[in-house]
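Enquirer: Fold the following.
(chains A and B)
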Amino acid sequence: SQKIEQNSEALNIQEGKTATLTCNYTNYSPAYLQWYRQDPGRGPVFLLLIRENEKEKRKERLKVTFDTTLKQSLFHITASQPADSATYLCALGMDSNYQLIWGAGTKLIIKP
Amino acid sequence: GAVVSQHPSWVICKSGTSVKIECRSLDFQATTMFWYRQFPKQSLMLMATSNEGSKATYEQGVEKDKFLINHASLTLSTLTVTSAHPEDSSFYICSAREAPGSNQPQHFGDGTRLSIL
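Expert: Purely as a prediction, here's the structure:
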């Protein structure tokens, strides 16, 4: 069956360290993958998009990798700050279909 | 830029009431808007895709007579939960794409918390 998995347990990271979140998928061949941030009681906010032919994408303190062999994307936040605490969602997309397939998200807690 | 406004943010009403939720793109035109439902600690569940000027496309298992969607303009889509019951209580979120293309990011409203008593 098709599924997309993110760490279900909350991730606790010390301020200043690098936080790494994982998004694994099975039985999909996505053309691209998107990462979003969601704060409690708010809608998700788009962060980064990475295409299948891209290995890595960066934006300020954020870095995303995409390994189509492992069927995995990693999302890194370097020099993490308490303000980075939120739930991070990954979503797969296919060019042939306008829909996104969403993971359940990983809650990230950055401790001062 | 790319701001989506969703209203109301919170609704509490009695069983049997119909509730309308508005989703507006404030600074861009959105030919496509999406309506999602989200349960605690679960992924976003797409309910329907709303295209301006045409009928919405509903996902399997979503009752179109229960969840009425109207997308009358390029900046406004509405979701009406008709004769709402307690099992309809949830967090409803809309999103819109600023540019065509399936890989374009979605811009989300802040959601509507619906509680049916």
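Enquirer: Nearest to chain B within chain A, name that residue for me.
Expert: residue A:43 (3.1 Å; C-beta to the nearest C-beta). (Glycine included, C-beta is placed from N, CA and C.)
Enquirer: just checking, that residue touches residue B:91?
Expert: No - the pair residue A:43 / residue B:91 is not scored as a contact, 9.5 Å apart, by C-beta atoms under 8 Å.
Enquirer: Sketch out the strands for chain B, chain order is fine.
Expert: Listed in chain order, the strands of chain B (DSSP state E) span residues B:4-7, B:10-13, B:19-25, B:32-38, B:45-51, B:57-58, B:67-73, B:76-81, B:90-97, B:106-108, B:112-116.
Enquirer: What residues does residue 24 make contact with?
Expert: In the absence of a named chain, chain A is used. Counting by C-beta atoms under 8 Å, 6 or more residues apart in numbering or on different chains, residue A:24 makes contact with A:4, A:5, A:6, A:70, A:71, A:72.
Enquirer: The intended chain is chain B.
Expert: Residue B:24 makes contact with B:4, B:5, B:6, B:7, B:75, B:76, according to C-beta under 8 Å, 6+ apart.
Enquirer: tell me the pLDDT at the second one?
Expert: To tie it back to what came earlier, the one meant is residue B:5. What the model reports as pLDDT for residue B:5 is 96.
Enquirer: With adjacent residues omitted, what lies nearest to it?
Expert: Leaving aside its sequence neighbours, residue B:5 sits nearest to residue B:24 (C-beta to C-beta, 6 or more residues apart in numbering or on different chains; 4.7 Å).
Enquirer: hey, what's the one you found bridged with?
Expert: For residue B:24, the beta-bridge partners are residue B:5, residue B:76 (DSSP bridges).
Enquirer: how far away is it from residue A:96?
Expert: Residue B:24 sits at a distance of 29 Å from residue A:96 (criterion: C-beta to C-beta, to the nearest Å).
Enquirer: hey, what's the residue of chain B found nearest chain A bridged with?
Expert: Nearest to chain A, among the residues of chain B, is residue B:108, at 3.1 Å (C-beta to the nearest C-beta). Beta-bridge partners recorded for residue B:108 (DSSP bridges): residue B:95.
Enquirer: so it touches residue B:94, yeah?
Expert: Yes - contact criterion C-beta under 8 Å: residue B:108 and residue B:94 qualify, at 7.2 Å.
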